[in-house]
Each structure stands twice: as structure tokens, then as C-alpha cells.
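Asker: got a predicted structure plus its sequence, pasted below:
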Amino acid sequence: MPEYYGYAGRVLRIDLSREKYHIQPLEKELIAGYLGGRGFNSKRLMDEVPGGTDPLGPENRLMFATGPLVGTGFPTASRFNVSAKSPLTGILGDSNAGGHFSAEMKYAGYDQIILEGISKNLVYIFIDDDDVSLINAGHLSGMDVYETTKAVKEEIGDRSVQVCAVGPAAENGVKYAGVFANLMRAAARTGMGTVMAGKGVKAIAIRGSKSVEIAHPGKFERLVEKFEEDVYNHPQYWPRRIMGTTRILLPLNMGGFLPTRHFTTGVFEHAEEVSGEKLAKEYNVKTRACFSCILPCSRFWVIKKGRYRGKYGEGPEYEPLSAFTARVGNPDVEVALIANDMCNRLGLDVLSTAECISWAMECYERGWLTRDMADGLDLSWGNAETILTLIEKISKREGFGDILADGVKKASEKLGFGQEIALHVKGLEIIQADPRGLKGYGLGYAVASRGGDHLRSEPFFELSDDPERGKELFGIPETALRLEYKGKGKLVSFFEDWCAITDALEVCKNVGENMEVLPFDLAGEVMHAATGFKFTADEMRRAGERIVTVERLFLVREGIRRKDDTLPKRFLEEPMPEEAVNSAGSIFELEPMLNEYYTERDWDLETGVPSVSKLKTLGLDGYIEELKRFDVPLRE
Amino acid sequence: MKFRVKFLGIPGIRLSYIEVEVEKPRVREVVDQLCKTFPEVFPSPSATFQRFLILVEDQKGKTTNIRLKNGSDTLLKENESLVIMPPLTGGRKKS
């Protein structure tokens, strides 16, 4: 009888400085408290990366974690989290990607892989079941993600080996470089590729021959069937299958919260020309799914005529599509396809890249930034040549690109202007939805444990326009209305816990959470069927809350307080302009929302630090002494 | 009376809008017509109301979910249109 069901039951630690590795058993108490994936990484980062650690120093850990459902065939359970202290933000760094790498980790026998120290030379790591080799990668230096992946597979002589790699941007120390699996499955946010390259690792190749055992196969099969039925019959199934997340560009434009020309307005006059519908009709040629997914939402595109004729690639999702069109004021969808593909190949986070470029464009339009300061580039809105040139320059840290390569916060500090329009939270560039048109999402950006991002909460319920259901579920009708702020503290904390368990199980959030097919009770049932560990809906939610809270402890140990849980001034002081009809005049009411959120979480209203009683309830009181050492103010 | 119905991201419909003629300017009448025109996409009015977001759009582009009006009984004014799209997020049929 296997010791573990669902889990591989082992953790691989690789000490790059000493060129040694060892395999340790997975701790069962970690399962009970944190489930897997993001939960494992966040807990271990809190335990193993001391407060004040240099993100690019040997003490930082880079962790890859998979979840208990990955490799079992459970639909959409194909994701993995990559986490470390972030070189971009100085707080928790964490990103999540799909593809096939995660399942291969399980088949090689690992729930988590932890990289420690720094390699003397550039290497790639080949994990072949229990054999781990560090292989010189000097010859791969400077190669892009595609070239690296291809070269590693060729050297190993196995096309089916799974590879995640970093591009030249990471090697050049761009602070928002990502880790890319299956060529373009990007764990892009918060600079995890920068940490990987900083540790001297160009790629990780993995191959496994083990299997994943299921505790209760009959029950598991029934739950899989129910899940599949819910997905196939869902009204979002075909729109997502045909357009992926690009389907939301036009609705966001109609709602008046599509960030346009660096969030100066919420409607883009060229939205139709750059929409998901346009891509589906004129460019997409086929779809592709992640491991064990029944909703193949990734699309391949080909440009058949014009100046980019013959170019092809995969994606983009809504964020890069919208970021390289509306955000930078570019009406040419082909430029966005090329820009997204360049970022994937060079290994850059598209959102941070697009924010840096659109910020520079706004500074230029305002007359703060001149051509002389920007290598002679014309930074007018939508200038295609400038957009593509800047992506290249950022990845090489060349000229003006070097300034943007540290992120928008640092760039504005370095240049001494534009801080008030640098659109980030805690140093992480914010995503492509205007918080003035989506109050719950905006609160989510303000409090997210990795900075300005929606994937920590995704409180989609506020788009439902169903106040009766809002009252029924949350006791507050306004939770169902996107422009209202009341009740959003409660809403966001609920959805944060949900996202945390989805990330911990490593199920796709687009399906599990966004399509609401994996609620807490079903997640608990699936967990039991797969692993044998019993979890009620309440216990699942409690695990989600524990993950969110341990991440908050990581942040407060680094000095984060209430003052940092904020949004850029633009959203707090500039009402949405009149042309954004369906969001016109809206402004973000931060303070009452934060009060409500902290109250819901039992975090101190003045400091934003979790209360001692909350820590005790969640079994996190073991951290109290550690927090005291860092002068974190604690109240009962 | 004639009303414009706009489609956003609905698989199976390549048109961005159609004109629908109804006797009574009520959302239900318009949806009935849609079901007759596109039976494969909108098999029945009840399924359409359940599976899609239906918004009323005025001349200035201001939209309101019919759920926040009178639902399928919402009366349309002259120069108003309907917008139909799949739910952006959520939307699972509750068992």
C-alpha cells in the first residue's frame, strides 16, 4: 500500500552552491495545513527565507510546487507555482503556470523542488526520476526560451522531456523576467525567472516514470464525471474554447473599464479591431490544451499577409492582447501578436513590460520625457516601432531599456518624475482592468500578497448584477454590483480563500474558480477521493485562509503595513472620464473597503497585521516570536 | 417595432448584430424572435435567459442588466438595443 495517495510524497532539494541534492519525505502536517502547490511554497518561504534576505543572494529559495490532483487525470489539474522572494517587489514572489511540466514533476516523484544557493557556472538541471544532474549551460547563454527548450531536448535526446527555461531578459537581470514551461506557459509575474537566472540556472528538464495513486478510485471517477459535465455544459465553455480569455476585451470596453492609453480612459476606439473575435476570425488556426484539460483554450495564430506575413505563435491571452493594444494606444492587433511573442521568447512578463512602456509614453505625451532621454525614440501613443524596440532594449538592458528593466516604480524614482502615474501596487505593475470600474477587483489589487494583481482574488461575483443573490450569499446586496464598494471586503476575503485553494490544488483558476465549478465543498470531496485526507468545505476554506495569512506574515515581516495596501493616486483621485459611459465618474473608495476587509480578516485596522487570536485560530501562533524579532506590532 | 440586438462573443453567430421586429416592445418578445432565428444557439427563451447576460443599451451606450430592471418583462424604449453575451465569469447552472 503506498504511503501517499495523490501526492508524490517527496521533496527534492538542490544545493547549487555545493552541487549536491537530497530527497526528503513530504511532511504530512504540511498537507493538512496547506494542501499543496502555492500553499507549500508560501509556508516554506516563510520558514526558510529569513526576513530581509537579498532576493538575488544565495539565501533566497526558488521553489516549484505541484498539487495533489496533478497527474491524476483530474481535468485542468496541470498547474505549478514558482515562488521566491521577489527581486522586483522585495516581498513575496509567486507565479503560476500550466502546461505539462507539473505532471512530469509528479511522475518523477516530487511534490516540490527547492533550489538553494547559487551555482558557480550557468547550468541546466536534468531530473530523471531519482537522478539529478547539473549540466554546464554556458553554450545556452543568451538563447531565448524557444532556442533553450529545443537545445535542451536535443541534448537529452528525448523530445518528450518537459522543460522550463528562462530567456536572455532573466540572464540580463531584468527584474520582471519569468519562468517559461512548454515554450510559453509563463510563470511570468514577480521576477521568478530573474531569481532562477540569478541562481545560475538556465533551465530545468524533467522526466519521470512513476505513477500517482488514488485513494478512492470509484469516488474519484464519479467526481471527475460530475466536474466534466459541469464544464462541458457551462455557458462559458465554447467562448473560452474559441477565444480563451481574449473574449472579455469587448465587454470590458463596453463596461468602460478597459484600460486605455495608460488608464487615462476606459474605452478604446479601436476595440473591435483588436478583439478576441477578430483574432478568432482572422488569425487563429488551432487550439491546444494543458495536461489533462478538457477545455483547450490556448490558440495558435498565423499572420497570413502584410509586413508580418509568415509569423506565427501561441496565445495571446486577454492581458497581453489588451496591454499591447489599448494600454499603449496601439490599434494594430498584429503588433500586439508580435509584441507578445517577443516577450515570450525573451522571457519577459508582458504586464510589467507593457506598464513600463505605457508609463513612458504618458510621460512623453506630458512632456516630462524627451526623445533625448529615450534613445531618440518617438514615444507617442501607439507607435509600433517604439513598442517593439523597447521590448528588445528592456530585455538587453540597453540604453533607456535599462531604466525600464527595474520596473515602473524604480524607473520613476530613478528619473525623478512620474511617480504619481507609475501604476503599481507594492512594486508590481497592475493588470489590465481599471479598478474604478471594478471595485472588488481593485481592493484585490490593493491587498494581494504579491502586489498589484487580480489572480489572488478574482471576485467575479461583483459582475453578476444579482443583488438578491448577493444578499443571500454575503448578506450584502451591493456585493453583486461592480461599481458599489459596500461589502467588497467580505467578497474579496471569500474569493482570496477560494483562489488560494485552487492554486494549492493546482487546478486551473479560469475553470475551477472563474467558472465556479470547483467550490469549497466539491474541492474537499475531490481532495478526499484523491488523497484520502478528509476535508469539509469549512476546512478547505480554513486552509485557504491559512495560506493567505501566512503570505501576509511574510509581507509584514518585510515591513508591509496598511499604508502599503493602496492603489496609485490616479484611481483614488481622478474620476473615470465621461466617454467611459458605463463607469463614468467612478472613483475608488479605498479606506472604507480596507476597513471592511481587515475587519473580515481580523487584521488590525491601523497596521494591517493579523491579530494574535487569528494566528492562534489558524495554528500560526508559532510565528509570534519571529514577528516580534522584526518589531511587528501585534494585538490580541 | 424594430430593435437592434447586438451579439458579443457568442459562438455560432458571426454577425455583430441583427434587427428584430416585434409587436410588443418587451424583452421576452425579442428573445422569442431570436430563438426562432437562431434555434441552435438559443434553443428556448428560458435557456437563453439562464445562460446569457442580457443588457439593455440606450442611445448613449449606457447598459443595464435586465435583471436590474423587470427581467424578461422589461419594456424597451425607442432607440434602445439589447446586448447578449455569455457570462464573463461565474454562471454555472446551480443544482
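Answerer: Great, that's in hand. Values in this document were obtained by computation on a predicted structure and should not be read as measured data.
Asker: what's residue A:417 in contact with, if anything?
Answerer: With contacts defined as CB atoms under 8 Å, 6 or more residues apart in numbering or on different chains, the neighbours of residue A:417 are A:363, A:368, A:369. The C-beta positions use only the backbone N, C-alpha and C, and glycine is treated the same way.
Asker: which of those fall in strands?
Answerer: The members of the contacts of residue A:417 all map outside strands under DSSP state E.
Asker: just the buried members of those residues?
Answerer: Buried members of those, scored by 16 or more other CB atoms under 10 Å in any protein chain shown, are A:363, A:368, A:369.
Asker: wait, which of these is closest to chain B?
Answerer: Proximity of the buried ones among the contacts of residue A:417 to chain B was ranked by CB to the nearest CB; the top entry is residue A:363 with 30.8 Å.
Asker: so who does whatever residue of chain B ends up closest to chain A touch?
Answerer: Nearest residue of chain B to chain A: residue B:89, at 3.2 Å (CB to the nearest CB). Applying CB under 8 Å, 6+ apart, we find residue B:89 in contact with A:236, A:458, A:460, A:463, A:514, A:515, A:516.
Asker: ok so it is a strand residue?
Answerer: No. Assessed by DSSP: H, G, I helix; E, B strand; the rest coil, residue B:89 does not belong to a strand; its assignment is coil.
Asker: so what's residue A:495 closest to, chain neighbours aside?
Answerer: If you skip the residues right next to it in sequence, residue A:495 has residue A:459 as its closest partner in space, 4.2 Å away by CB to CB, 6 or more residues apart in numbering or on different chains.
Asker: wait, what's in contact with that neighbour?
Answerer: Contact criterion CB under 8 Å, 6+ apart gives A:440, A:441, A:443, A:444, A:488, A:491, A:492, A:494, A:495 as the residues in contact with residue A:459.
Asker: next SSE after the longest helix along chain B?
Answerer: If you go by DSSP state H, chain B has its longest helix at helix B:27-37. The C-terminal neighbour of helix B:27-37 among helices and strands, as given by DSSP states H and E, is helix B:45-51.
Asker: which parts of that following helix are buried?
Answerer: For helix B:45-51, the buried set under the neighbour-count rule, 16+ other CB under 10 Å, comprises B:45, B:48, B:49, B:51.
Asker: contacting residues around it?
Answerer: Applying CB under 8 Å, 6+ apart, the external contacts of helix B:45-51 come out as A:235, B:28, B:31-32, B:34-35, B:42, B:54, B:71-72, B:84, B:86-87, B:91, B:93.
Asker: can you read off the pLDDT for the residue nearest to residue A:495?
Answerer: What the model reports as pLDDT for residue A:459 is 96.
Asker: hmm, back to that, now pLDDT and distance to chain B too, for the contacts of residue A:417, in CSV please.
Answerer: Putting those into CSV (pLDDT from 0 to 100; distance: CB to the nearest CB, whole Å) gives the following:
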residue, pLDDT, distance to chain B
A:363, 98, 31
A:368, 98, 33
A:369, 98, 34
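Asker: so what does residue A:124 look like in phi/psi?
Answerer: When quoted as degrees, to the nearest 10, the phi and psi of residue A:124 stand at phi -120, psi 150.
Asker: excluding chain neighbours, what is closest to the most centrally placed residue in chain A?
Answerer: When chain A is reduced to its mean C-alpha position, the nearest residue by CA atoms, centre = their mean turns out to be residue A:95, at 4.2 Å. What sits nearest to residue A:95 in space, not counting adjacent residues and going by CB to CB, 6+ apart, is residue A:187, at 3.7 Å.
Asker: can I assume residue A:462 sits in a strand?
Answerer: No. According to three-state DSSP, residue A:462 belongs to no strand; its state is helix.
Asker: what residues does the stretch 251-400 of chain A put near chain B?
Answerer: Within the stretch 251-400 of chain A, the positions lying close to chain B (CB under 8 Å from any CB of the partner chain) are A:251, A:254, A:255, A:276, A:277, A:281.
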